[in-house]
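Colleague: Output the structure for:
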Amino acid sequence: MSRLFGTDGVRGLANSELTPELAFRLGRAATYRFGRDYRRPVFYIGRDTRISGEMLEAALAAGICSAGGEAVLCGVVPTPAVAFLARKHGAQAGVVISASHNPFPDNGIKFFAGSGYKLPDATEDELDKLVQAAEDTMPRPTAEHVGVIRHHHDLLKEYVEYALATVDTSFAGLKIVVDCANGAAYEAAPAVLRRLGAEVVVINDQPNGVNINRDAGSTHLEGLQQAVVVHGADLGIAHDGDADRCLAVDETGAVVDGDQIMVVCALEMLRQGKLADNTLVATVMSNLGLHQALRKAGGRVTVTPVGDRYVLEAMLTHGYGLGGEQSGHIIFSEHSTTGDGLVTALQLIAAKVRAGRKLSELAALMTRFPQVLVNVRVKNKAGWQENEAIAATIAAAIAAAERELGEDGRVLVRPSGTEPLIRVMAEGPSQPELEALVERVAAVISSELGR
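Modeller: Okay, the predicted model is just below:
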């Protein structure tokens, strides 16, 4: 059978692929796995605002109780809040029911260890085997040993206080528009910004179960851009459905992406002497402009494969303090064990306040090079690197990029982690040259592997 866990937990169409029965089995398996060293393992569970969330929460909690565990239901809270609360209260694990930026029919279940970090692959593999076993032989305690469920949405207040403590700067005098994506940030984000003194205009904070991420949040920035201009705001902040990401909009309505946010925060940390080893961690998809901006300021960039787990791995291995992705999934290791959209927003705004400059001016410290990305749908992406025609074309494209674009250009080819796609990306100062390079590589891949 195929592996249940993908790059970010177990995901699928709710009640079809991700069923209550599967959630129940995941709850039992997790309780058995984490209960080896504890008589009654405790799980902190949070969810986003999807209509299927309560159904899956009930099934997951029932599975935990059937195996003798304790389920603490936090209700609708950001993903990073679950990681924080599980760690703070000494739980054996945290569980998030969310499909992040996906449309509302999808949902997902992902686990955090009691440390607040995502589970390693080996632990996910153990859970996978338990869930997919032909027969469920895990214990079913009875009488007083049956598990219990506790409801504690009030714990959101603890997360709000934690987020507030990550900055020591007043936001008084700032007008900020925050787009909550009708998702998990709709209570916490406005509350924190107001507590810090900002005048806050809130949009997309009326979740109804089916409007999460719909023309809202970090994947649909048009509404936020318009709102910032209409309200004459100093900036706008956009979260995704589970609030582990953050993108921004400057006072002119221009988008400030994850790379630019990392540059602004990294340069401020450099100035304060707080950027460990003067190093920022970014993935291969981050813009060349990010590298140039750090190098110009005396810093450097460590590059990882795509995925926040690789970013975090590099940060933990080498003790780096800041890393993230262009998508706005950013980790400040001084404060968080995972990407936290609200903490990211606070660090960005605090950097702007300390600099005493407009966000557009700070974002301009990074020159964003044009990027051309083409997704080539293939029959099977397995073994694509061994295809001689593709390898030769990629080598020729890389050589052409070095010849035509010099140090200011590159070509990157990689498979999608979740779909039958090969992604071809070129970056450099000349849009027409980039398009020609990408088309050349994509055409060969399509010819060799396309459907």
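Colleague: All the strands of the stretch 1-150 of the chain, residue numbers only.
Modeller: With DSSP state E, counting those that start in this stretch as the criterion, the stretch 1-150 of the chain has strands at 10-13, 42-47, 70-76, 93-97, 106-113, 148-151.
Colleague: Residue 129: which of these is closest?
Modeller: Each of the strands of the stretch 1-150 of the chain has some distance to residue 129 by CB to CB; the shortest is strand 10-13, at 13.8 Å. Every C-beta, even on glycine, is put in place using the N, C-alpha and C of the backbone.
Colleague: now for that closest one, which elements pack on it?
Modeller: Applying 3 or more CB pairs under 8 Å, 6 or more residues apart in numbering; DSSP states H and E, we find strand 10-13 packed against strand 106-113.
Colleague: the helices in the stretch 351-451 of the chain, which residues?
Modeller: With helices called from DSSP state H, counting those that start in this stretch, the stretch 351-451 of the chain shows them at 359-363, 388-405, 431-449.
Colleague: weakest of those helices in terms of mean pLDDT?
Modeller: Note on these: helix 388-405 shows the lowest mean pLDDT, a mean of 73.
Colleague: orientation of that helix relative to helix 431-449 in degrees?
Modeller: Calculated by axes from the mean of the first three to the mean of the last three CA atoms, to 10 degrees, helix 388-405 forms an angle of 170 degrees with helix 431-449.
Colleague: how distant is helix 388-405 from the center of its chain?
Modeller: Computed by CA atoms, centre = their mean, to the nearest Å, the chain-centroid distance of helix 388-405 equals 32 Å.
Colleague: next one: stretch 335-348
Modeller: 11 Å.
Colleague: What's the end-to-end length of that stretch?
Modeller: In stretch 335-348, first residue to last residue: 14 Å (CA to CA, to the nearest Å).
Colleague: still on that earlier bit, packed most tightly, which of the helices of the stretch 351-451 of the chain would that be?
Modeller: Comparing the helices of the stretch 351-451 of the chain by mean neighbour count (mean count of other CB atoms under 10 Å), helix 359-363 comes out on top with a mean of 20.
Colleague: about what we covered before: and residue 192, which of the helices of the stretch 351-451 of the chain is closest to it?
Modeller: With CB to CB as the criterion, residue 192 lies closest to helix 359-363 of those, at 18.3 Å.
Colleague: who's in contact with that closest one?
Modeller: 234-235, 248, 250-252, 254, 256, 260, 264, 348, 351-352, 355 (CB atoms under 8 Å, 6 or more residues apart in numbering).
Colleague: mind running it again at 6 Å?
Modeller: 235, 250, 252, 256, 260, 264, 352 (CB atoms under 6 Å, 6 or more residues apart in numbering).
Colleague: For the last one, which residues are in contact?
Modeller: The neighbours of residue 352, taking CB under 6 Å, 6+ apart as the test, are residue 359.
Colleague: repeat that with 7 Å
Modeller: Neighbour list for residue 352: 359, 362 [criterion: CB atoms under 7 Å, 6 or more residues apart in numbering].
Colleague: which one is residue 268 nearest to, not counting chain neighbours?
Modeller: Leaving aside its chain neighbours, residue 268 sits nearest to residue 351 (4.0 Å; criterion: CB to CB, 6 or more residues apart in numbering).
Colleague: Check whether the one you found really touches residue 263, as I assumed.
Modeller: No. If you go by CB atoms under 7 Å, residue 351 and residue 263 don't touch, sitting 10.1 Å apart.
Colleague: More neighbours: which of the two?
Modeller: For residue 351 versus residue 263, neighbours defined as other CB atoms under 10 Å are more numerous around residue 263 (29 against 23).
Colleague: Which pLDDT does the model give the most centrally placed residue in the chain?
Modeller: For the chain, the residue nearest the mean C-alpha position is residue 329 (4.1 Å; CA atoms, centre = their mean). Residue 329 carries a pLDDT value of 96.
Colleague: And the chain, what are its domain boundaries?
Modeller: Domains of the chain are assigned by automatic domain parsing as 10-155, 166-363, 371-449.
Colleague: Adding distance to residue 3, write those domains out as CSV.
Modeller: Listed next are these as CSV, based on distance: least, CB to CB, whole Å:
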stretch, distance to residue 3
domain 10-155, 6
domain 166-363, 15
domain 371-449, 12
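Colleague: Which one of these has the poorest average confidence?
Modeller: Lowest mean pLDDT within the domains of the chain: domain 371-449, at a mean of 78.
Colleague: Identify all contacting residues around stretch 264-273.
Modeller: Residues contacting stretch 264-273 (CB under 7 Å, 6+ apart): 275, 278, 280, 294, 297-299, 321-322, 347-348, 351, 354, 362-363, 365.
Colleague: rerun at 6 Å
Modeller: Stretch 264-273 has contacts (CB under 6 Å, 6+ apart) with 275, 280, 297, 299, 322, 347, 351, 362.
Colleague: For that stretch, which residues meet the burial criterion?
Modeller: For stretch 264-273, a neighbour-count test (16 or more other CB atoms under 10 Å) marks 264-270 as buried.
Colleague: Check stretch 70-88 too.
Modeller: So, applying 16+ other CB under 10 Å, buried residues of stretch 70-88: 70-87.
Colleague: Okay, helices next: where are they in the stretch 1-150 of the chain?
Modeller: 20-34, 53-66, 79-88, 121-132.
Colleague: actually the stretch 201-350 of the chain, not the one I typed
Modeller: Under DSSP H, counting those that start in this stretch, the stretch 201-350 of the chain gives helices at 222-231, 258-272, 288-296, 308-318, 341-355.
Colleague: right, and the domains of the chain - which one's nearest residue 4?
Modeller: Once those are compared by CB to CB, domain 10-155 is nearest, at 5.0 Å.
Colleague: chain center to the closest one, what's the gap?
Modeller: Relative to its chain's centre, domain 10-155 lies at 19 Å (CA atoms, centre = their mean).
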